[in-house]
Each structure stands twice: as C-alpha cells, then as structure tokens.
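Colleague: predicted model and sequence below, questions to follow.
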Amino acid sequence: MVSLLHRVKVAYEEGCYLLGAALSPETVAVSNSLHQIKLYSVDRLAAVRDLLGHEEVVRDVRWDPSSNSTRLISVDEVGNVVAWDSRVGSDSACPLHLNLYSPEDIYALDINCNGTTLAIGDGKDVALFDTRSPGEAFRRLADFHSDDITRIRFHPTQPTLLCSGSADGLVLCIDGAQTDEDDNTMWVYNLEDPISELVHLPGDRLGCTTTCESVALLCLQSGDTLLSQPRPEEWVYAAGVFDGGSGEPLVLWGVMGEDMDDRYGEVLLAPMGGRPEEGFKGHEDVVRFALPASEGRLVTGGEDGFLCLWGGQEPFKRISNSHRVGAGAAHKRRNEEIDEAAAAVAAPGARGGKVKPRLRDRAKAKKGVL
C-alpha cells in the first residue's frame, strides 16, 4: 500500500503553485510561481533554506551531480542562468554570463555527471558550455529541432551522452564525444506531440511524456520503441515516469476533469502500458512532477502548492500489471508553457517513430513544419 509520509505547503500566498524540482540524495530543490527556489530534506521534507534572486519565473533547476548536492543551476524565463551553493543560500547566487541566442526561449538545462558541461536548450539549438569557463558555447547542435527545446537531460553516468526533447515532438539522442554532426547524433525519434519530460531509466532506457498525456519508453542506444501508451482515460493526465525499483517503468497519473470533482487531485500508479486503478490522496490540484527517491519513496509537487513524500514497504514493486491498454484514447494538451511554444508547429496525423539523423527534415515534414 502506498502511503503519504509527509506533506508540506511550500508557500501560502494565494495562487502560488510548484513548477518543477530537482532531486539529490539528500535535498529536493523546488521552484514555484513566486520566482523562488526552496530546498527541503528528502527524508522528512523539512525546510532547509531558500534561494532568492530570480525576478522571473524559474523554468528549470538541476543539481550538479559532481558537487555532492551543493551546487544548483537554475534558469528563468528571460534567460538568466544562476549557480547557487545550497550550503550558503541566497547570498551564493552567481549569475553565469552565457552567450545565448534566444534567452527568452530557454526552457531546459542540465549538467553532465562529472560537472564539466552545461547543456542548455537555447531556443531550437542544443548549446554546450564548459562549466569551468562559461561564456561562449563550445558546441552548438542546430537544424535538428524546428521549435523550442523543452527538455534536455544528460545520461546519469555517461558524461557525453544527452537527449533533448522539443515542442516539435522530436526526441534527439546525442553522443557529444563525436565531433561530426551526423556522427554525434545517434538517433531522432518523432513522438508527434510536444515533449514535456525526459527521464533516463535503468537499462539504458529513456522515458518520455508529452503534453498530450501520452508516454513512451525508448531504447537509448538504438532509439527503438520499447513501449508506448496513449492517454488511457479522458480524466487522467501523465504526471511523471520513473523506475519503481523492479525494473519496470511506472507512470504516475493524476485525476482531473469536470466530472471528477470528488477525486480531483488524486494520483494513481500503474506500470507503463497498464490501466491506472488504485488512487492515492494527498494533492488537491494538478501534479507537476514526480521524482523517485531512495528506499522506494516518491516526491511529488503540484499546482496546489504542496510538496508530498510517498512511501511504504517497497510500494512501487507491487503495483499490479493485470490490465493493458490499447491505442485510440483522445489527447488533450495540459502544459500551458510548452503548448504556447508548440503552437506554430501543431499539426495532426503524423505517425511517430524513429528516423535516421540524415532524414530529420523528412521527419519534420511529417509534422507539417516544412
């Protein structure tokens, strides 16, 4: 049985909601709509300190994996990139002066596992910066995405391997160790709908969610589809994909809809491809993120301003896989920020699938870009 271990209200100001989060072994960093970043302990969600300095909405926050949970990087909606020391707090704010082509179109960043490379989705480009001497990007990957990059994520143990997802529906896998553009692009996959999240999972797999509430599991080495699932019910949305410890990817679905007032804010767990059934109460509004922590725990945050810690005795390993869902469920956009970025390329009817890098233009043409 999954149980709610701890719940904390991040801010009591009316209309304040949580936007995103980054999890380290000991600390979760949460951004909210008040332009704040707040740090909490993972074990009990105890408040640690605030990181104040952004004057605009924070679009992404990431821990430097090489810093032992002390260095955090954030980016806001006008392109301000800031490095923080979590031990010090707001006074540690150190703006990174990067040469960005599209500062107001940055939605995602990440740092590789050894802390040497900062990747930023600079509009439609993947821009790579040396963290030891930021300024000019030492490499730019352009002409693959036709719209703003919404997620960019490094592999947790391979420092040159990263994936990007865009409002154009394409997922790009890059081997940064290669210098030739065609060689460093391992594969491109068309998921049809704007990408809302990318998650590296054990076994060299990539979990993907879209703003149309579909989810997919891709092979990181080949780009082949391992599993895909459209929205299983009209009244659910995809809040996150993660590994529950059993090796099988799990999806956290949230409940919403005009006819679901009595269950609004409830979350449901199911293996990817399975039908969500048993629900758990803790949130009162849409859940924006779901991050797996140690010992079978899960951290979630939502538009109700609550941060929740879920757990139990190996709760996610026992989720039933008794029902599988077929295709055909209708899709509806949820994530307003990504949808606005995707408006220029929204086109119906394209069939998703992997495409060779040299055929990327043909893949874009399927979506009506060209």
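Modeller: Nice, thanks for sending it over.
Colleague: what about D130, how many residues nearby?
Modeller: Using other Cβ atoms under 10 Å, D130 is surrounded by 14 other residues. Quick note: C-beta positions are derived from backbone N, CA and C, even for glycine.
Colleague: right, I mislabeled it, should have said D168
Modeller: 29.
Colleague: shouldn't it be in contact with H145?
Modeller: Yes. With contacts counted by Cβ atoms under 8 Å, D168 reaches H145, the gap being 5.6 Å.
Colleague: who touches both of those two?
Modeller: The contact sets of D168 and H145 do not overlap (Cβ atoms under 8 Å, 6 or more residues apart in numbering).
Colleague: so where do the helices sit in the stretch 1-150 of the chain?
Modeller: Using DSSP state H, counting those that start in this stretch, no helices are found in the stretch 1-150 of the chain.
Colleague: so where is it shaky, pLDDT-wise?
Modeller: 1 (pLDDT under 70).
Colleague: how about the stretch 251-370 of the chain?
Modeller: Ranges of the stretch 251-370 of the chain meeting pLDDT under 70: 312-370.
Colleague: now the helices: where do they sit in it?
Modeller: 336-342, 360-366.
Colleague: contacts only, for V287.
Modeller: Counting by Cβ under 8 Å, 6+ apart, V287 touches A239, G240, L252, G254, G265, V267, T300, G301, G302, E303.
Colleague: how about 10 Å then?
Modeller: 18, 237-240, 252-256, 265-267, 300-304, 306, 308 (Cβ atoms under 10 Å, 6 or more residues apart in numbering).
Colleague: how about G240?
Modeller: Applying Cβ under 10 Å, 6+ apart to G240 gives the contacts 196-197, 199, 207, 209, 215, 250-254, 267, 287-292, 298-300.
Colleague: cutoff 6 Å now
Modeller: Contacts here follow Cβ atoms under 6 Å, 6 or more residues apart in numbering; on that basis G240 touches L252, A290.
Colleague: bridging residues for it?
Modeller: Beta-bridge pairing for G240 (DSSP bridges): L252.
Colleague: what are the boundaries of the strands in the stretch 251-370 of the chain?
Modeller: Ranges of strands in the stretch 251-370 of the chain, per DSSP state E, counting those that start in this stretch, are 267-271, 279-280, 287-293, 297-302, 306-311, 353-355.
Colleague: go on, the stretch 101-250 of the chain?
Modeller: Under DSSP E, counting those that start in this stretch, the stretch 101-250 of the chain gives strands at 109-111, 117-122, 125-130, 139-141, 149-154, 161-166, 170-175, 185-190, 195-201, 205-210, 215-219, 225-229, 236-243, 249-255.
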